[in-house]
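*Asks:* After the sequence you'll find the predicted model.
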Amino acid sequence: MTHFVTLVTSPAPVPPDAVKRLAEIVASDVYTVKLALKRPRPLILAERVEAAAAKEAASLLRGFGHEVWVFGHGEIAALAEPVRPRTLELHRDHIRFVFPPDELVLSRWDNLFLLVRATCRMQTKQISEEHFCRAAGPEGLHIQERRTESRREGVNDLLDIYFYDGSRPVRIDADRFVFAFLGSKMGPSDSQSLETTLKVIRRMAPQAIIDRGFDQFKRGAGALGRTGKARGSMAMFVETRVDDDRPRFDFYSRLMFMIHLRRAEQPPA
């Protein structure tokens, strides 16, 4: 199983000789490693390396006081998919997650471990090219081209909730969630209502960690989450390009759970 190396905090720059050694360990080049180290934290420093190389890279960086964690790709993939409740019920000593049609799952407030909040965007760009023929007098046929572009953008507010006891995580998807339990505190938009919900949960569960680092992470995440497709014929060609934050968030949320879990279990070496 291949592993990846996650750099979380960097109290000081990495010396040039260490950068060179790091590049050798992860089978990269100095320029690529230098660029990676300039990206926002947390960053994936090496994506697919063997366990021994990953551990050596982490040990090198920890020697300079950096917080680094090594995870196997299988560890992230093995985490349970979050369940999506329809609404919440807030009580003095516990929270209830309500699922359709009538299922209830409850948790004590002190069982809430990590809250990962993010706003995800999906941008869709469609490019159409149409080729057609027109008569051009004695010169014969003339082929013309018509090109059109259309764009759409959507926003999705999400909150993932993780628990100390290892229960399956919960995802509040603002697009499919009912905020009526907020009463008069319900905001004019789903995003504002989700923020209010987060504040209420945080007040009832002060031990819970709040993570808002997704926007910073995705700026250095490369092409993760981007998709594209095309179809065409001799007369028409249509290309659709999709840049979707949600696959990025799925990975980021699980990654932050693993990082905070490791922090809780043991301090970085």
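*Replies:* Yep, that arrived. Being a predicted model, the structure only gives us computed values, none of them experimental.
*Asks:* Alpha carbons of the longest helix belonging to the chain, as PDB, please.
*Replies:* Of all segments of type helix in the chain, defined using DSSP state H, the longest is helix 246-265. What follows is helix 246-265 as a C-alpha-only set of coordinates in PDB (Å, rounded to 0.1, in the frame of the first residue of the first chain):
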ATOM      1  CA  ARG A 246     -16.900  18.200  -3.200                       C
ATOM      2  CA  PRO A 247     -14.400  15.400  -3.900                       C
ATOM      3  CA  ARG A 248     -11.700  17.700  -2.500                       C
ATOM      4  CA  PHE A 249     -13.800  18.200   0.600                       C
ATOM      5  CA  ASP A 250     -14.500  14.500   1.100                       C
ATOM      6  CA  PHE A 251     -10.700  13.900   1.100                       C
ATOM      7  CA  TYR A 252      -9.900  16.900   3.300                       C
ATOM      8  CA  SER A 253     -12.600  16.100   5.900                       C
ATOM      9  CA  ARG A 254     -11.300  12.600   6.300                       C
ATOM     10  CA  LEU A 255      -7.700  13.800   6.400                       C
ATOM     11  CA  MET A 256      -8.300  16.300   9.100                       C
ATOM     12  CA  PHE A 257     -10.200  13.600  11.200                       C
ATOM     13  CA  MET A 258      -7.100  11.400  10.900                       C
ATOM     14  CA  ILE A 259      -4.700  14.200  11.800                       C
ATOM     15  CA  HIS A 260      -6.700  15.300  14.900                       C
ATOM     16  CA  LEU A 261      -7.100  11.600  15.900                       C
ATOM     17  CA  ARG A 262      -3.400  11.100  15.700                       C
ATOM     18  CA  ARG A 263      -2.900  14.300  17.700                       C
ATOM     19  CA  ALA A 264      -5.200  13.000  20.400                       C
ATOM     20  CA  GLU A 265      -3.500   9.600  20.500                       C
END
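*Asks:* Return the distance of it from the chain's centre.
*Replies:* Mean-position distance between helix 246-265 and its chain equals 9 Å (CA atoms, centre = their mean, to the nearest Å).
*Asks:* So which residues lie in contact with that helix, not counting its own?
*Replies:* If you take CB atoms under 8 Å, 6 or more residues apart in numbering as the criterion, helix 246-265 is touched by 6, 8, 42, 69, 71, 75-76, 79, 82, 113-114, 116, 118, 120, 122, 156, 158, 160, 162, 169, 209, 211, 213-214, 217-218, 221, 224-225. C-beta: built from backbone N, CA, C; applies to glycine.
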